[in-house]
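Chemist: Let me see the structure of the following:
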Amino acid sequence: MANFLDIRNIESNDLKKIIQTALELKKSRSGLTKGACDSDRALEGHIVALIFEKPSTRTRVSFDVGVRQMGGQTIVLSGTDMQLGHGETIADTARVLSRYVDLIMLRTYEEATLHEMAQFSEVPVINGLTNFSHPCQIMADIMTYEEHRGSIEGKKIVWSGDGNNVFNSFAQAAEKFNFNLTFTGPETLEPDREVIEQAQQNGVKISIERDPTIATKDADLVATDTWISMHDLQSARERRHNQLRPYQVNKELIAHAKSDALFMHCLPAHRDEEATSDVMDGKNSVIFDEAENRLHIQKAIMRWCLGK
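Modeler: Numbers count the residues shown, from 1 in each chain. Okay, the predicted model is just below:
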């Protein structure tokens, strides 16, 4: 049994095997309908609990479909169904769920909730997203890059915008996959200093460059994320827009990257805000491959957690 909580605590070889498995799983489904089961039905006889304290589209659908394609069953629980930590403790919830299911995926707010669930669960726990990290997304991003351009090792990755949970997981992945990472964004929204310093201490070539045109020069991949959350107040949205507008990924900015540089966005997107439609729909954009690959990488992660 193995948990998939963050990239930092998983060996590089295991992460690379997960990506290779995902690529093989994707190839093996060529010609199959979406509802057809994989030939080996790796999760037959297994039940997976999908817990969403935070709402989701891609994470919910991709995990649910992935379990079904592997022959397993799902139980989907929302925050209102469970009220994690309110009434029953998270520890007790973990102990009880372990008696009913074979695997738990948790998408929650606090990192502490995830780690407490994992501490007391007797079955593997997967991080579907927290306010601090989003490892499944970054594994899909790396899979997508390598699917199109080969090994990501030694490549220059540029993150433009908000130093959020997705960036944090990119910083952890930079150490494991040995790529260079540059953050460009306003000082008020830059990544947690501890994340940057820890990566640098571990030998990662990671930097902060305030000027987006300098940051993007010779990039192999330019990535961004939405500037706002569905929970942001209107005043906060306007303030963030004003701060982030210079970091919009548009044709002028991406022209500073390599001619074959890929563009990624983990979606959902607010078109013509964090990125323009001509970039999102351009020849170097792989955003929909990236979205599809969430399915394949999460299937590979579930198999790894269960030793399949």
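
Chemist: okay, CA-based contacts and neighbour counts for the rest of this
Modeler: Noted.

Chemist: Touching, residue 291 and residue 264? I think so.
Modeler: No: if you go by C-alpha atoms under 8 Å, residue 291 and residue 264 don't touch, sitting 9.6 Å apart.

Chemist: The two: which has the busier surroundings?
Modeler: residue 264 (26 against 22; other C-alpha atoms under 10 Å).

Chemist: Name the helix or strand for the more buried one, please.
Modeler: Per DSSP states H and E, residue 264 falls inside strand 262-265.

Chemist: Would you mind listing the buried residues in the host helix or strand of residue 304?
Modeler: Using DSSP H and E, residue 304 falls within helix 287-306. With burial defined by 16 or more other C-alpha atoms under 10 Å, the residues of helix 287-306 counted as buried are 287, 289-291, 293-306.

Chemist: any idea how far that helix is from the chain center?
Modeler: 10 Å (C-alpha atoms, centre = their mean, to the nearest Å).

Chemist: got it, and stretch 147-159?
Modeler: Centre to centre, stretch against its chain (C-alpha atoms, centre = their mean), the figure for stretch 147-159 is 16 Å.

Chemist: can you check stretch 206-225 too?
Modeler: Using C-alpha atoms, centre = their mean, the offset of stretch 206-225 from its chain centre is 19 Å.

Chemist: gap between the two ends of that stretch?
Modeler: For stretch 206-225, the separation between the terminal residues is 19 Å (C-alpha to C-alpha, to the nearest Å).

Chemist: Any chance you could list what contacts that stretch?
Modeler: Outside stretch 206-225, the residues that touch it by C-alpha atoms under 8 Å, 6 or more residues apart in numbering are 155-162, 171, 180-187, 196, 199-200, 246-247, 249, 253-254, 256-258, 260-267, 269, 274-275.

Chemist: any idea how far residue 250 is from residue 273?
Modeler: 10 Å.

Chemist: Contacts only, for the nearest residue to residue 297 once chain neighbours are set aside.
Modeler: Spatial nearest neighbour of residue 297, chain neighbours left out: residue 22 (4.9 Å); criterion: C-alpha to C-alpha, 6 or more residues apart in numbering. Applying C-alpha under 8 Å, 6+ apart to residue 22 gives the contacts 143, 296, 297, 298, 299, 300.

Chemist: Could you do residue 181 as well?
Modeler: 156, 157, 158, 159, 170, 171, 174, 204, 205, 206, 207.

Chemist: Kindly export the one helix or strand it maps to (C-alpha atoms) in PDB.
Modeler: Residue 181 is part of strand 180-184, with elements assigned from DSSP H and E. Extracted in PDB, the C-alpha atoms of strand 180-184 (Å, rounded to 0.1, in the frame of the first residue of the first chain):
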ATOM      1  CA  ASN A 180      14.500  24.200 -14.600                       C
ATOM      2  CA  LEU A 181      11.600  26.300 -13.300                       C
ATOM      3  CA  THR A 182      11.000  30.100 -13.600                       C
ATOM      4  CA  PHE A 183       8.200  31.900 -11.900                       C
ATOM      5  CA  THR A 184       7.100  35.300 -13.300                       C
END
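
Chemist: Residues touching the helix or strand following that strand, excluding its own?
Modeler: Of the helices and strands lying after strand 180-184 in sequence (DSSP H and E), the nearest is helix 193-201. With C-alpha under 8 Å, 6+ apart as the test, helix 193-201 has contacts from 168, 171, 172, 174, 175, 206, 207.

Chemist: Count the neighbours of the first one for me.
Modeler: Other residues near residue 168 come to 22 when the count uses other C-alpha under 10 Å.

Chemist: which SS class is the nearest residue in space to it that is not next to it in sequence?
Modeler: In this structure, residue 168 finds its nearest non-sequential neighbour in residue 133, 5.9 Å apart by C-alpha to C-alpha, 6+ apart. Judged by DSSP: H, G, I helix; E, B strand; the rest coil, the three-state class of residue 133 is coil.

Chemist: ok, now which ones touch residue 133?
Modeler: 6, 111, 165, 166, 167, 168, 169.

Chemist: if you set the cut-off to 10 Å instead, what comes out?
Modeler: Contacts for residue 133 (C-alpha atoms under 10 Å, 6 or more residues apart in numbering) come out as 5-7, 109-111, 127, 164-170, 172.
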